[in-house]
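J.: predicted coordinates and the sequence they were generated for:
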Amino acid sequence: MSIETSIQTSATPLGRDDLARLVAKDIKPGSFVNLGIGQPTLVSNYLNADRDITLHTENGMLGMGPEAKGEQIDGDLINAGKIPVTELPGASYFHHADSFAIMRGGHLDICVLGAFQVSATGDLANWHTGAPDAIPAVGGAMDLATGAKDVFVMMTLLTREGASKIVEACTYPLTGVGCVTRVYTDKAVFLTGPGGVQVRETFGCTLEELQELVPVPLTAAPAVVP
Amino acid sequence: MSIETSIQTSATPLGRDDLARLVAKDIKPGSFVNLGIGQPTLVSNYLNADRDITLHTENGMLGMGPEAKGEQIDGDLINAGKIPVTELPGASYFHHADSFAIMRGGHLDICVLGAFQVSATGDLANWHTGAPDAIPAVGGAMDLATGAKDVFVMMTLLTREGASKIVEACTYPLTGVGCVTRVYTDKAVFLTGPGGVQVRETFGCTLEELQELVPVPLTAAPAVVP
Amino acid sequence: MLNFVDTVADAVAEIKDGSTVMIGGFGNAGQPFELIDALMDCGARELTVVNNNAGQGDQGLALLIKEGRVKKMICSFPRQSDSWHFDAKYKAGQIELELVPQGNLAERIRAAGAGIGGFFTPTGYGTMLAEGKETRIIDGRGQVFETPIHADVALIKALKADGKGNLVYRKTARNFGPIMAAAAKQSIVQVSEIVPTGALDPETVVTPGIYVNTIVKVA
Amino acid sequence: MLNFVDTVADAVAEIKDGSTVMIGGFGNAGQPFELIDALMDCGARELTVVNNNAGQGDQGLALLIKEGRVKKMICSFPRQSDSWHFDAKYKAGQIELELVPQGNLAERIRAAGAGIGGFFTPTGYGTMLAEGKETRIIDGRGQVFETPIHADVALIKALKADGKGNLVYRKTARNFGPIMAAAAKQSIVQVSEIVPTGALDPETVVTPGIYVNTIVKVA
């Protein structure tokens, strides 16, 4: 069995929900996690209560529950995306400086973020397109990128124009330097870091086919990586 | 009426309790105050409840009440001197960093401290005798000295050997630079600051007699000083 | 000195032109809408406003911006789907923007209240938001020097106050309230309820009354 | 990962020689006496201990010092009427002392938990405790650069824990507990009571369970 076939774990690219399910599966029981706005929020649908994973929202809460519906909706209980959410048993509230101290102090096990680009060395660009007339807005992205023990990125591998979002060096303005540890895309899971870009698994393509899409050298990750 | 007689408000030097009563009288209603260990603690005996003065203790409390007696004694409720105290209605508890943020952030109106020496420019020495074999111990003295809006010192004017504790420059190690605003002693109340040392009132001596004891130039304070 | 007033107009009456005003809230949670409306009515101009966002829709802070009363915004996320008044002023060059990562915003506000002269943080290192700022490597990590954000006034919303000005908040509406109350010279608080002194458990007070100057009950 | 253990011996079993150990408490309030006794029994040596004081009488931290298990103390107030064991070791040159103003001690511990690389503070400026330290003038005030104090382990005492490790404290026994829990890699907490998850009001949790690793109930 070649390396290429051994890491291809799906015959087709993954959809957003399948990818969210995969990220959820990779989060260890007992972890403290922050899910970014957008695609990462889908991960919460696959975190079963029996795995004791605690969600942090940077506007001041640990123990966030699912989105609030109907009579559950309470304007004083929202997440970082300003969506009404619920409170699980064992939750706690704190002010903004204490909340960001949790992120910045390295206490979150994982944060999951969207991205425009990730570089071969784990640089992240996800806050600004760099367009000269754009109004810049950063929110908590830079704090999440630099603070969590592991930063997982979820994104499509290619832009609508077909360009790889995994790049040698980011062309968009950076969110953080060397911070991304893992990239989940529709076509593959990548491990990033000082040792270059390793591919843990591919979806609907071989490593060789993947390499044709991505302009940085790829190697197969050692099989032990969970 | 000469200036000398106009500022002599007592025929005799003040005792410790009279001095504490005078300091208490000078604390404006509604103030937040920290009273240092030792002589300053006496001030609390003269802060009537109707003046709405809130006491802070740096080990994590606002709204500290009088010393606990008998069945009131609770090992979890002590002051900075580790003496059991009581809790007044409207009290609050907080951790050590939040407590020192109150002091260091300039939120206390007044702290009252003891001193070995105070310089003409308001430098304070109250934590270390400078003896080579002494074990140094600073506690919260430096935070109180630099943080409060007004730093009042209470001390006897003279050492047991008869030397003035108000000095041109402190010979003991400093606690803080230019921080003392007022010095209450058995023989006089002094105002310190960039403008030199002014005498607000004297007890049992004239300004001229006081000047003979104190090795820095003294002037009578303008009458308007409360 | 703590002051209980009857109307939001009285509460904001002393806010002067050119003031730096912190406004609590994240999204609608914790936004002191009535105090912001009163600030609108009181006429103060040339304001520097510190808030996580830069106004939404046609109300509150967005309206202050629309009317040209805000000289400068210090915030982390000005661009939202309904931040059209800020967008227009910004594109017209009629409002200054100091964009601050949200954690730096919170920590800089906290630093002001706690008497910290400045601090180093990894957040923002190597990004355009650190350009022109002092940096150094500490324990192998690049860090950026950030300075405290002080304010003349904070407008915040809490759930309850007691007679000593102690505050408690509700759920994620707590957000910036406690740190803004400590960072501003004058903290003006709208509460849903005023309770007798002694009715709040001292273990659960979030903002001690020492940080509070003016309280107004808003129905 | 949160861990509930049955004995204080189990709680401290993994503390290694050479560790930096933060110990909560101010005076007797909040001192985790049983955990300190267990640390004594577990045999770890060459410890750096962070505590406000340097032990009192013939118990707890004082005993650890007497037995030569503490290489260095980081504290604000080592000299007390009954700190004879520290006094003797210090005068014999057998223990190092890093003396830190109490507010700098608290803020440095807080900085470690909050990911701050260092900060400037006016406390200590112009005194012998700032000798050799970086200083600068900020807004006209002399300030000293202080660095975070990290620890391998924190031993703290709280009143109650729930099943998620959330903690509440009692009165002035809160003191250093919350900031030490955040500053240490492993927080070991003795509590008087363990309550079911959901029994603590989320508004009143002081230390969120994310900062807690090991909990032991002490009668």
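T.: Looks like it came in fine. Numbers count the residues shown, from 1 in each chain, chains lettered A, B, ... in the order given.

J.: can we go C-alpha only for contacts and neighbour counts from here?
T.: Noted.

J.: give the contact list for residue C:95.
T.: C:70, C:71, C:72, C:73, C:86, C:89 (Cα atoms under 8 Å, 6 or more residues apart in numbering or on different chains).

J.: got those as TSV, with secondary structure columns?
T.: Output for the contacts of residue C:95, formatted as TSV (DSSP: H, G, I helix; E, B strand; the rest coil):
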residue	secondary structure
C:70	strand
C:71	strand
C:72	strand
C:73	strand
C:86	helix
C:89	helix
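
J.: show me what the closest residue to chain D within chain C is bridged to.
T.: Going by Cα to the nearest Cα, chain D is nearest to residue C:119 of chain C, at 4.1 Å. Residues in a beta bridge with residue C:119, per DSSP bridges, are residue C:146, residue D:119.

J.: neighbours around it, how many?
T.: By the measure other Cα atoms under 10 Å in any protein chain shown, the count of residues near residue C:119 is 25.

J.: and what of residue C:91?
T.: Residues lying near residue C:91 (other Cα under 10 Å) number 12.

J.: and what of residue C:76?
T.: Residue C:76: 27 neighbours (other Cα under 10 Å).

J.: ok, it touching residue A:137?
T.: Yes - under the criterion of Cα atoms under 8 Å, residue C:76 makes contact with residue A:137 at 6.1 Å.

J.: how about the residue of chain C closest to chain D, what does it touch?
T.: Here residue C:119 is in contact with C:145, C:146, C:147, D:116, D:117, D:118, D:119, D:120 (criterion: Cα under 8 Å, 6+ apart).

J.: tally of neighbours for the residue lying closest to the first one once chain neighbours are set aside?
T.: This points to residue C:145. Nearest residue to residue C:145, sequence neighbours excluded (Cα to Cα, 6 or more residues apart in numbering or on different chains): residue C:120, at 4.4 Å. Residues lying near residue C:120 (other Cα under 10 Å) number 26.

J.: please apply the same query to residue A:15.
T.: Around residue A:15 there are 13 other residues, counting by other Cα under 10 Å.

J.: quick one: the nearest residue to it once chain neighbours are set aside from residue A:156, how far?
T.: Spatial nearest neighbour of residue A:15, chain neighbours left out: residue A:186 (6.4 Å); criterion: Cα to Cα, 6+ apart. Residue A:186 sits 5 Å away from residue A:156, going by Cα to Cα, to the nearest Å.

J.: the two - which one has more neighbours?
T.: The neighbour comparison of residue A:186 against residue A:156 (other Cα under 10 Å) goes to residue A:156, with 24 against 20.

J.: that's a helix at the more buried one, yeah?
T.: No - assigned with three-state DSSP, residue A:156 falls outside any helix and is coil.

J.: touching, the residue nearest to residue A:15 and residue A:14? I think so.
T.: Yes - at 4.7 Å, residue A:186 counts as touching residue A:14 under the criterion of Cα under 8 Å.

J.: if I look at these two, which residues touch both of them?
T.: residue A:203.

J.: still on that earlier bit, find the residues that touch each one of residue C:76 and residue A:137.
T.: What both residue C:76 and residue A:137 touch, as defined by Cα under 8 Å, 6+ apart, is the set residue C:99.

J.: circling back: by neighbour count, which of the contacts of residue C:95 wins?
T.: residue C:86 (31 neighbours).

J.: no further queries at this time; thank you.
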